[in-house]
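Novice: Provided below for reference: sequence and predicted model.
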Amino acid sequence: MKNKTALITGITGQDGSYLTEFLLKKGYEVHGIIRRASTFNTMRIDHLFNDPEIGNKSLFLHHGDLTDSSNINRLIEKIEPDEIYNLAAQSHVQVSFEVPEYTAETDAIGTLRILDAIRKSGINTKYYQASTSELFGGLPGTAPQSEKTPFYPKSPYGAAKLYAYWITVNYRESYDLFACNGILFNHESPRRGETFVTRKITRAVASIIAGKQEKLSLGNLDAKRDWGFAGDYVEGMWMILQQEKPKDFVLATGETHTVREFVELSFKEVGIKIQWDGSGVDEKGYDAETGKLLVDVNPRYFRPAEVELLWGDPSKVEHEIGWERKVSFPELVHMMVDGDLKLIYGKTIEEYLTATI
Ligand code: NDP
Ligand code: GDR
């Protein structure tokens, strides 16, 4: 029997790299769309592409862009994938306020371009849309958020993803496509982009230990997020497409934590207790033992509109599909601090703590 074929947009991103590993292990032939960039942008998948058993045997990369329908049409017709995972996006919420039109072009109209290419090609494929908890906007009184919670996006990113969500539902209902939305709450990993808050924190902890950074400057310390591990979530994406009928599912851990808690736990991993003092923009975090300033608040990281509370309810996916997260919140923090300490300081947490005793 022929191996299944998957086409992944956003293959160079955090989720794209984990999904590629997951699908290759399942025996898929994987095709990914990459953007031409002036510097290398395939770091997260180089270990796969450069593996002689994988690169150009079961993993193929094609240049393309979601803002250009010609390449999307051509690739879908040529590859005839069994499954398409649309993970490509301008995915940074704060940046979307600065480039709202480009965000809409990629995240909203880019989704339409793929769905319409599938419709026109007439091929029988399953489509996964990377929808997001940002659709909910964290309105007071709506948590925990589930598939039934009303949407109220609070950024150009959220608004673009709202269009993408509904056009996916619309093409499913209008043209009988097997098209599904995974409404995923925040998921992180050592491969997370460096400007998302979790990775910014864990990199800063490692850089401070290595003497390469003085302190960590953040925005809203009280925002709450439902943070899981990306590796768990890509399995959920695949499981959604293996169902008999196309449906939309929330993937979340069912727990929520503040940015402040993430900071505290990250420093705790390297033996530092944070002592908070002051409030609002004047709040500061000190090393409780030495009194050294380690964290402050910089209003440049505040957003024109903020999503204060995201807390997901994964009951539907747990009951109907049997997906649940495996990595806990403390395990996630440990994994990320460990990853950055190795990267920046050359030691694991254990090696570092042993050396400092
Ligand atoms: P990343 O930002 O790590 O990756 C985004 C990917 O999209 C990169 O491969 C990037 O390419 C590619 N891309 C960006 N713009 C374009 C474009 N115009 N044409 C083609 N490719 C493009 O995101 P994640 O892996 O974290 O997220 C994957 C998807 O899931 C995104 O759609 C995101 O919005 C969504 N999502 C993510 C969540 C999370 O917590 N991680 C939660 C819910 C939804 P390049 O490397 O060249 O920049
Ligand atoms: P988010 O992730 O906006 O939830 O979008 P991000 O990590 O950027 O922000 C989470 C929360 O932390 C607060 N925050 C800061 N954020 C950043 N980036 N930098 C800071 O210095 C900082 N200080 C505080 C933010 O205000 C926010 O409340 C992510 C992306 O992956 C989206 O693509 C995805 O759809 C959603 O998660 C679910």
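Specialist: Structure's in. What do you need? Ligands and ions are numbered 1, 2, ... in the order given.
Novice: which residues sit in contact with residue 133?
Specialist: 145, 183, 184, 185, 186, 226, 250, 252, 310, 312 (CB atoms under 8 Å, 6 or more residues apart in numbering). In this view, the C-beta of every residue, glycine as well, is placed from N, C-alpha and C.
Novice: Run through the bridge partners of residue 84.
Specialist: residue 7, residue 127 (DSSP bridges).
Novice: Can you report how many residues neighbour it?
Specialist: Using other CB atoms under 10 Å, the number of residues around residue 84 comes to 28.
Novice: So it versus residue 2, what's the distance?
Specialist: To residue 2, residue 84 is 17 Å away according to CB to CB, to the nearest Å.
Novice: what about residue 275, distance to ligand 2?
Specialist: As for residue 275, its distance to ligand 2 is 19 Å (criterion: CB to the nearest ligand atom, to the nearest Å).
Novice: So that residue: helix, strand or coil?
Specialist: strand (DSSP: H, G, I helix; E, B strand; the rest coil).
Novice: Can you verify my assumption that it contacts residue 286?
Specialist: Yes. Between residue 275 and residue 286 a contact is recorded at 4.8 Å, counting by CB atoms under 8 Å.
Novice: and these two? which has more neighbours close in?
Specialist: residue 286 (18 against 13).
Novice: element containing that one, please.
Specialist: strand 284-287 (DSSP states H and E).
Novice: Quick check: closest non-adjacent residue to the residue in the chain that ligand 1 sits nearest to.
Specialist: Per CB to the nearest ligand atom, residue 13 is where the chain lies closest to ligand 1, at 2.1 Å. Closest residue to residue 13 apart from its sequence neighbours, by CB to CB, 6 or more residues apart in numbering: residue 87 at 6.1 Å.
Novice: How many residues are close by residue 289?
Specialist: As a measure of burial, residue 289 has 10 neighbours, counting by other CB under 10 Å.
Novice: what secondary structure does it sit in?
Specialist: Applying three-state DSSP: residue 289 is coil.
Novice: Enumerate every residue touching it.
Specialist: Counting by CB under 8 Å, 6+ apart, the residues that residue 289 touches are 272, 273.
Novice: Against residue 273, how distant is it?
Specialist: 7 Å.
Novice: Skipping its backbone neighbours, what lies nearest residue 99 in space?
Specialist: Nearest to residue 99 is residue 90, by CB to CB, 6+ apart, at 6.6 Å.
Novice: residues touching that neighbour, list them.
Specialist: 96, 99, 102, 103, 106, 107, 157.
Novice: what subset of these is also close to ligand 1?
Specialist: residue 106 (CB under 6 Å from any ligand atom).
Novice: Can you list which of the contacts of residue 90 are found in strands?
Specialist: Using DSSP state E, the subset of these located in strands is empty.
Novice: Just the contacts of residue 90: which are in helices?
Specialist: 96, 102, 103, 157 (DSSP state H).
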